[in-house]
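K.L.:
Sequence and predicted structure, then a few things I'm wondering about:
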Amino acid sequence: DTGVSQDPRHKITKRGQNVTFRCDPISEHNRLYWYRQTLGQGPEFLTYFQNEAQLEKSRLLSDRFSAERPKGSFSTLEIQRTEQGDSAMYLCASSQGQGIRSSYEQYFGPGTRLTVT
Amino acid sequence: GIQVEQSPPDLILQEGANSTLRCNFSDSVNNLQWFHQNPWGQLINLFYIPSGTKQNGRLSATTVATERYSLLYISSSQTTDSGVYFCAVELEVAGNQFYFGTGTSLTVIP
């Protein structure tokens, strides 16, 4: 198993453009999480999926953000009409979950660093 | 509101010294993990420890869930231990959202 992978690793875009990031979780994990991390801060939860269902979304996830996990495997995070404030590291993690209660250990991908100019 | 606080925020150690990092959280915890973030941003799993004590080489961790804190011990520190240490908690009151603390930035000097 190669762990959690993310693509691209770096993205530079101009304000107003749309961007899409991909996350491939560990194959046997049914939960997938997206986080955003800005400089000097800890990661902030954005959303998570159990299989293909998006179960929770943070208030940080504005209408310009959308995430999908169509077949319960890989996930995409799209940001429309990017703003300079969207510049951050976007992290993906996966874990095995059980019912609606707690998750087991999360494993993180290397992240996608977004710079909006 | 939900709070996850880490202390100290910054720590500078001489190589070979020991240290204790603390994570306080505001509610009952389902899940707690400690991570080390390397200079390239990768979060490396250290411990999955919602309760009890675990050890892995020079590192050990203890979570006292009833008192809402966790400790990470680093013994005989090495320069490669430098980086930011985060605790992340999944709280019973917050569904399945994980909350990260603000981290402890550790610098180990030779």
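P.N.:
That came through, no problem. Residues are numbered from 1 along each chain as shown, chains lettered A, B, ... in the order given.

K.L.:
got any ranges where the chain has weak pLDDT?
P.N.:
You didn't pick a chain, so chain A it is. Low-confidence segments of chain A, defined by pLDDT under 70, are located at A:1, A:98-103.

K.L.:
actually it's chain B I care about, not the one you picked
P.N.:
When the per-residue scores of chain B are filtered using pLDDT under 70, the ranges that remain are B:94.

K.L.:
In it, what residue spans correspond to strands?
P.N.:
In chain order, chain B shows strands spanning B:4-7, B:10-14, B:19-25, B:29-37, B:43-48, B:52-56, B:59-64, B:69-74, B:83-91, B:98-100, B:104-109, with DSSP state E as the criterion.

K.L.:
if we look at the last one, which residues are touching it?
P.N.:
When contacts are defined by C-beta atoms under 8 Å, 6 or more residues apart in numbering or on different chains, strand B:104-109 is touched by residues B:6-15, B:17, B:19, B:21, B:74, B:77-85. Where you see a C-beta, it was placed from the backbone N, CA and C, and this is true even at glycine.

K.L.:
how about the residues of chain A that lie near chain B?
P.N.:
Taking C-beta under 8 Å from any C-beta of the partner chain as the contact definition, chain A meets chain B at A:31, A:33, A:35, A:37, A:41-45, A:48, A:55-56, A:58, A:89, A:91, A:93, A:97, A:100-108, A:110-111, A:113.

K.L.:
swap the cut-off to 7 Å and go again
P.N.:
Contact residues of chain A with respect to chain B, defined by C-beta under 7 Å from any C-beta of the partner chain, are listed as A:41-43, A:45, A:48, A:55-56, A:89, A:101-103, A:105-108, A:110-111.

K.L.:
Reformat the strands of chain B as JSON lines; add distance to A:I12 and mean neighbour count.
P.N.:
Listed next are the strands of chain B as JSON lines, based on distance: least, C-beta to C-beta, whole Å; neighbours: other C-beta atoms under 10 Å in any protein chain shown:
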{"stretch": "strand B:4-7", "distance to A:I12": "32", "mean neighbour count": "18"}
{"stretch": "strand B:10-14", "distance to A:I12": "31", "mean neighbour count": "14"}
{"stretch": "strand B:19-25", "distance to A:I12": "35", "mean neighbour count": "19"}
{"stretch": "strand B:29-37", "distance to A:I12": "22", "mean neighbour count": "23"}
{"stretch": "strand B:43-48", "distance to A:I12": "23", "mean neighbour count": "18"}
{"stretch": "strand B:52-56", "distance to A:I12": "38", "mean neighbour count": "12"}
{"stretch": "strand B:59-64", "distance to A:I12": "37", "mean neighbour count": "18"}
{"stretch": "strand B:69-74", "distance to A:I12": "36", "mean neighbour count": "20"}
{"stretch": "strand B:83-91", "distance to A:I12": "24", "mean neighbour count": "24"}
{"stretch": "strand B:98-100", "distance to A:I12": "26", "mean neighbour count": "22"}
{"stretch": "strand B:104-109", "distance to A:I12": "27", "mean neighbour count": "17"}
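
K.L.:
who wins for proximity to A:R81 among those?
P.N.:
Closest to A:R81 of these, according to C-beta to C-beta: strand B:98-100, at 27.3 Å.

K.L.:
Partner strands of the closest one and their direction?
P.N.:
When pairs are called by DSSP bridges, strand B:98-100 turns out to pair with strand B:83-91 (antiparallel).
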